[in-house]
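Asker: coordinates for the following, if possible.
(one chain, ligands or ions: 1)
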Amino acid sequence: MRPHPIRLALAAWLALSSAGTALAQAMPTPAQTEGPYYPLVRPADTDADLTRVAGGPPAQGEVLTLRGIVRDCQGTPLAGARFEIWQTDHQGIYLHPGDGRTGQRDPNFQFYGELRTDAQGAYRFRTILPGPYTGRPRHIHAKVTPAGGATLTTQFYLKGDTDLAGDFIVRRLGKAIERVLIDAQPEAGNAARQATLDVVTGRAC
Ligand SMILES: [Fe+2]
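Answerer: Numbers count the residues shown, from 1 in each chain. This next block holds a predicted model:
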């Protein structure tokens, strides 16, 4: 018996719409400038919890758990990718001699952290929302290096930040800004925020 034409049309529509979803998920994370403040010297503690330095007192600022999956453009999770982030403290100060206020920085903030994605390609950092920053919207820098692959250097921004529209780096991104926005939502049961942001990079991109 031949399949009913409506059933055929429905199957075709389903196939197209799921292909569309896969395509949307696989749009590469846009590369952006490294900026001048990649740490010259790594702090003594470089783990994935930037809110404390080696078990010391907590850093000031609003805690953010940032997590996601690193995939290639075909949607394959990338295990063992090196993931680095660096950013300012709650006052907008970097740990870098090029930042004139670096002497006033929060000594309890780690400023830089790195990890390897797990077997499912997942990453998870605990950090703070970067502080207001003169001349640019608040941002978190990132470098993601898949095992045996090229490094993606990019920046993440806070969704809804009113400083985004006037920023020259953000303007160059066009619609790709949507792929580097942190949508920080309250974490259940406490004052911290959490966000999920997947990264797409690697050989198939
Ligand atoms: Fe920066």
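Asker: and the pLDDT for the residue nearest to Arg101 when sequence neighbours are not counted?
Answerer: Distances taken as CB to CB, 6 or more residues apart in numbering place Ile93 nearest to Arg101, at 4.7 Å, with adjacent residues excluded. Placement of C-beta: from N, CA and C, glycine included. As predicted, Ile93 sits at a pLDDT of 97.
Asker: does Ile93 sit in a helix, a strand or a coil?
Answerer: coil (DSSP: H, G, I helix; E, B strand; the rest coil).
Asker: that one and Thr102 touch, don't they?
Answerer: Yes - counting by CB atoms under 8 Å, Thr102 is a contact partner of Ile93 at 6.2 Å.
Asker: helices of the chain, start to end?
Answerer: 5-25, 168-173 (DSSP state H).
Asker: what packs against the last one?
Answerer: This points to helix 168-173. If you count contacts as 3 or more CB pairs under 8 Å, 6 or more residues apart in numbering; DSSP states H and E, helix 168-173 packs onto no helix or strand.
Asker: and it, what's buried?
Answerer: 170, 173 (16 or more other CB atoms under 10 Å).
Asker: export that helix as PDB, just CAs?
Answerer: The C-alpha trace of helix 168-173 is given here as PDB (Å, rounded to 0.1, in the frame of the first residue of the first chain):
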ATOM      1  CA  PHE A 168      32.500  48.500  17.900                       C
ATOM      2  CA  ILE A 169      33.400  44.900  18.400                       C
ATOM      3  CA  VAL A 170      29.800  43.900  19.000                       C
ATOM      4  CA  ARG A 171      28.700  45.900  15.900                       C
ATOM      5  CA  ARG A 172      31.000  43.800  13.800                       C
ATOM      6  CA  LEU A 173      29.300  40.600  15.000                       C
END
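Asker: and the contacts of it?
Answerer: 30, 32-33, 136-137, 155, 157, 164, 177, 180 (CB atoms under 8 Å, 6 or more residues apart in numbering).
Asker: now that helix: average pLDDT?
Answerer: Helix 168-173 comes out at a mean pLDDT of 96.
Asker: go ahead and flag the most central residue of this structure.
Answerer: Nearest residue to the geometric centre of the chain (CA atoms, centre = their mean): Phe156, 5.1 Å.
Asker: show me where pLDDT drops low in this protein?
Answerer: Of all residues in the chain, those with pLDDT under 70 make up the ranges 1-25.
Asker: which residues of it fall in strands?
Answerer: Applying DSSP state E to the chain gives strands spanning 63-71, 82-86, 112-116, 122-128, 139-145, 152-158, 181-182, 185-186, 193-196, 199-200.
Asker: what about Ala142, distance to Leu197?
Answerer: Separation of Ala142 from Leu197 (CB to CB, to the nearest Å): 9 Å.
Asker: residues shared between the contacts of the two?
Answerer: The contact sets of Ala142 and Leu197 overlap at Phe156 (CB under 8 Å, 6+ apart).
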